[in-house]
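Asker: next input, structure requested:
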Amino acid sequence: MLGAITGSTELAKNKWTPIVLGVVILGVAAVAYFGVVRPILCKTGIATCSGDRRRKKIEEKLKNSDSFNPNFYQASKITMSHTQAKTIADKIEKALSGADDEEAVYGLLRDAKNANNLSLISFYYNQRHQQSLIDNLIYDMSSEEELQRILNIIQDFK
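Answerer: Just a heads-up that it's a prediction; the model follows:
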């Protein structure tokens, strides 16, 4: 059969030739898939890659956080005025719109100082902009590292 594929019966006489040829073909196929095809599938979102899985875990932690739940805050535990919360919500929206200013967003999130305050900011963000604060942060923060910084900030609240 190998003779029919290669066009030579001499090639098939050596018993190692089909094995070597098979290994070379598999090697080329593996390099082509993992070096070219898989990265394209990952970039287009067709395949889920390891970096995507890590990002999804961070997104899930952020979405499940009380800090971004607009209904979590307790009035007795809020340490900022409602005016300050509205102002921070508006500043976050401004930092996210147009040319994203991630450093400003991180600073504003740190200014919340605790989960109750950030929950209040999320409440006013939702109310004033008809959008979820955490959904907008996840959408606008393009890298896993940016989302991890946000997660680190809210974990420091505890």
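Asker: now the residue nearest the centre of the chain: closest residue in space that isn't a chain neighbour?
Answerer: Centre of the chain computed as the mean C-alpha position; nearest residue by Cα atoms, centre = their mean is residue 55, 3.4 Å away. Computed as Cβ to Cβ, 6 or more residues apart in numbering, the closest residue to residue 55 that is not its neighbour in sequence is residue 144, at 4.5 Å. Bear in mind the C-beta positions are built from the backbone N, C-alpha and C, glycine included.
Asker: how far away is that neighbour from residue 129?
Answerer: 25 Å (Cβ to Cβ, to the nearest Å).
Asker: before we move on, what about residue 135?
Answerer: Counting by Cβ to Cβ - residue 135 and residue 129 are separated by 11 Å.
Asker: what does residue 114 give?
Answerer: 22 Å.
Asker: likewise for residue 56?
Answerer: Applying Cβ to Cβ to residue 56 and residue 129 gives a distance of 25 Å.
Asker: residue 150 now?
Answerer: For residue 150 relative to residue 129 (Cβ to Cβ), the value is 18 Å.
Asker: which one's more surrounded, those two?
Answerer: residue 150 (23 against 16; other Cβ atoms under 10 Å).
Asker: you'd agree the more buried one is up against residue 137?
Answerer: Yes: with contact defined as Cβ atoms under 8 Å, residue 150 reaches residue 137; the gap is 6.2 Å.
Asker: quickly list what's touching both of those two.
Answerer: 62, 105 (Cβ atoms under 8 Å, 6 or more residues apart in numbering).
Asker: tell me which strands and helices the helix or strand containing residue 52 is in contact with?
Answerer: Of the helices and strands defined by DSSP states H and E, residue 52 is found in helix 50-63. With contacts defined as 3 or more Cβ pairs under 8 Å, 6 or more residues apart in numbering; DSSP states H and E, the packing partners of helix 50-63 are helix 133-140, helix 144-155.
Asker: state the distance from the closest residue to residue 153 other than its chain neighbours to residue 20.
Answerer: Nearest residue to residue 153, sequence neighbours excluded (Cβ to Cβ, 6+ apart): residue 109, at 5.0 Å. Distance of residue 109 to residue 20, computed by Cβ to Cβ: 59 Å.
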